[in-house]
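Asks: what shape does this take:
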Amino acid sequence: MRTFTNLTFLGTRHRTPQTELLELADRINKSPKSQYDYYFRVDYSIKQLLCQPISTFNTSLSIASVQEQTNVKINQLLMQEIKIDIIYFNVLSKNTKRNSASKSICNCIIELHIGFNFSKNCDSTCQSIEIQRLTSKTQPFGSPARPLSILTLYSSNSLKSNAEFFIQHFYIHRSSKYYHKSVYIQSFYDNRYISAFILDADVEQTSITMTEIDRSLFLIRDGLEQNTYETNSTDIFISFSSYSENNIYLRHVNGRVTLAKNNQLTLFKQDATFKLIMNEEKNMVAFESINIPEYYIAVDPDSKTALILEKSEKKVLTINDLNEKFLFKFNF
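Replies: Model prediction:
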């Protein structure tokens, strides 16, 4: 992940008229566009000395405020002005206190999935340059955030009911339209689906098979190995968890792909994180291991029913350089 620090946000209530913020909140309540040119994951690490009810985060005004301030910060890095939409908004508590009335949060991460398009005046070369601007620097805003760097959230539909949170860090990295989508994974090689038995309490991992009928539903998540983003925020990294069991992931072990419980160890996170390579026009994807570079998930050509980790016979510059056994497609 990239770390944006030394933030100098202007409070939304000072830079945006009340009517404009309320109108933005109303627009957010409506469905965003289904397709964007680019997708990014943005995380705010924030804290508040006085714990706030979790309901503070779950309002249209809060989301509008976060969207507006995030848009300002991202445009400071670009030459071309853009307008972001928040597609996914989630709050992960780092320090939760309970009382008799409600759940309150003091320190948390606000997790966003955003999408945006460039104007028609920005051609493919222009877009490549702009994306490089967003992902080229580890800390584009300098050293840790100053105390005056705040994020304003609202606990009701009134701009008078607000709380200001201190921003500790701001992270951003590339994502895709598949983020947080539930998918069936089908092979281009023989149209079989990935199928797996759900683990019971006493089993740490189990084999998976490729079948024509049975298929397992997976949830696409950001890569478990977060350190990957520190050195590369341009590429897209993902992990696959079982849709029904969030702590069970696809991983590679000894050259085989299995379904296993996340034991939180670094090796597991690396084994369960893959670089996503795409051809969106053909709905064609491939998955490269991050800890064994140039090795990809592939259908075992011998058994036809197992998944293995295998090196491509030739150098891979694009997904079109890969043999069909390395290629898959997502079905929703």
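Asks: longest helix in the chain, please.
Replies: Secondary structure assigned by DSSP state H gives helix 60-75 as the longest helix of the chain.
Asks: my guess is Arg41 meets Gly115, correct?
Replies: No - contact criterion CB atoms under 8 Å: Arg41 and Gly115 do not qualify, at 10.9 Å. All C-beta atoms are positioned from the backbone trio N, CA, C, and that covers glycine.
Asks: Asp302: how many residues sit nearby?
Replies: Using other CB atoms under 10 Å, Asp302 has 8 neighbouring residues.
Asks: dump the residue contacts of Pro301.
Replies: Neighbouring residues of Pro301 by CB atoms under 8 Å, 6 or more residues apart in numbering: Lys325.
Asks: where are the low-confidence patches of the stretch 51-200 of the chain?
Replies: 95-102, 137-148, 157-158, 198-200 (pLDDT under 70).
Asks: what about the helices in it?
Replies: 60-75, 124-135 (DSSP state H, counting those that start in this stretch).
Asks: mean neighbour count and distance to Ile172 for those helices - can I get that in CSV?
Replies: CSV is the format used below for the helices of the stretch 51-200 of the chain (neighbours: other CB atoms under 10 Å; distance: least, CB to CB, whole Å):
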stretch, mean neighbour count, distance to Ile172
helix 60-75, 21, 8
helix 124-135, 14, 7
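Asks: to Ala286, which of those helices lies closest?
Replies: helix 124-135 (20.9 Å; CB to CB).
Asks: each with direction, which strands does the top strand by length along the chain pair with?
Replies: Scanning the chain for the strand with the most residues, using DSSP state E, yields strand 38-53. Partners of strand 38-53 in the sheet, by DSSP bridges, are strand 103-116 (antiparallel), strand 162-175 (antiparallel).
Asks: now the first one, how far from the chain's geometric center?
Replies: Here the centre of mass of C-alpha atoms in strand 103-116, compared against the chain's by CA atoms, centre = their mean, to the nearest Å, lies 12 Å away.
Asks: check which helices and strands the longest helix of the chain sits against.
Replies: With contacts taken as 3 or more CB pairs under 8 Å, 6 or more residues apart in numbering; DSSP states H and E, helix 60-75 sits against helix 12-15, helix 18-28, strand 85-98, strand 103-116, strand 150-154.
Asks: got the domain ranges for this structure?
Replies: 17-49+77-96+106-113, 181-331 (the TED database).
Asks: for Asn262, find the nearest of the helices of the stretch 51-200 of the chain.
Replies: Among the helices of the stretch 51-200 of the chain, the nearest to Asn262 by CB to CB is helix 124-135 (27.3 Å).
Asks: okay, the angle between that closest one and helix 60-75?
Replies: 110 degrees (axes from the mean of the first three to the mean of the last three CA atoms, to 10 degrees).
Asks: distance check, the closest residue to Leu49 other than its chain neighbours against Asn262.
Replies: Nearest non-adjacent residue to Leu49, counting by CB to CB, 6 or more residues apart in numbering: Cys106, 7.5 Å away. Going from Cys106 to Asn262 by CB to CB, to the nearest Å gives 26 Å.
Asks: before we move on, what about Lys275?
Replies: Counting by CB to CB, the gap from Lys275 to Asn262 is 19 Å.
Asks: what's the answer for Asn320, then?
Replies: In terms of CB to CB, Asn320 sits 33 Å off from Asn262.
Asks: so between these two, which is more surrounded?
Replies: Neighbour count, other CB under 10 Å: between Asn320 and Asn262, Asn262 has more, with 16 against 10.
Asks: now for the more buried one: which residues touch it?
Replies: By CB under 8 Å, 6+ apart, the contact set of Asn262 is Leu224, Asn247, Ile248, Tyr249, Phe268, Lys269, Ala272.
Asks: could you do Asn263 as well?
Replies: Shown in contact with Asn263 (CB under 8 Å, 6+ apart): Glu204.
Asks: pLDDT value on it, please?
Replies: pLDDT recorded at Asn263 is 93.
Asks: and it, helix, strand or coil?
Replies: coil (DSSP: H, G, I helix; E, B strand; the rest coil).
Asks: touching, Ala306 and Thr258? I think so.
Replies: No - with contact defined as CB under 8 Å, Ala306 does not reach Thr258; the gap is 9.8 Å.
Asks: tell me, what's touching these two both at once?
Replies: Ser207, Ile208.
Asks: those two - which one has more neighbours?
Replies: Shown here are Ala306 and Thr258; by other CB under 10 Å, Thr258 has more neighbours (19 against 16).
Asks: which helices and strands sit right next to the helix or strand where the more buried one lies?
Replies: Using DSSP states H and E, Thr258 falls within strand 256-261. Judged by 3+ CB pairs under 8 Å, 6+ apart, strand 256-261 is in contact with strand 205-211, strand 248-253, strand 307-311.
Asks: got a markdown table for the ones you listed, with distance to Phe89 and mean pLDDT too?
Replies: Output for those, formatted as a markdown table (distance: least, CB to CB, whole Å; pLDDT from 0 to 100):
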| stretch | distance to Phe89 | mean pLDDT |
| --- | --- | --- |
| strand 205-211 | 32 | 85 |
| strand 248-253 | 24 | 95 |
| strand 307-311 | 34 | 95 |
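Asks: if you compare the ones you listed, which one is most tucked away?
Replies: Mean neighbour count (mean count of other CB atoms under 10 Å) peaks for strand 248-253 among the helices and strands packed on strand 256-261, with a mean of 22.
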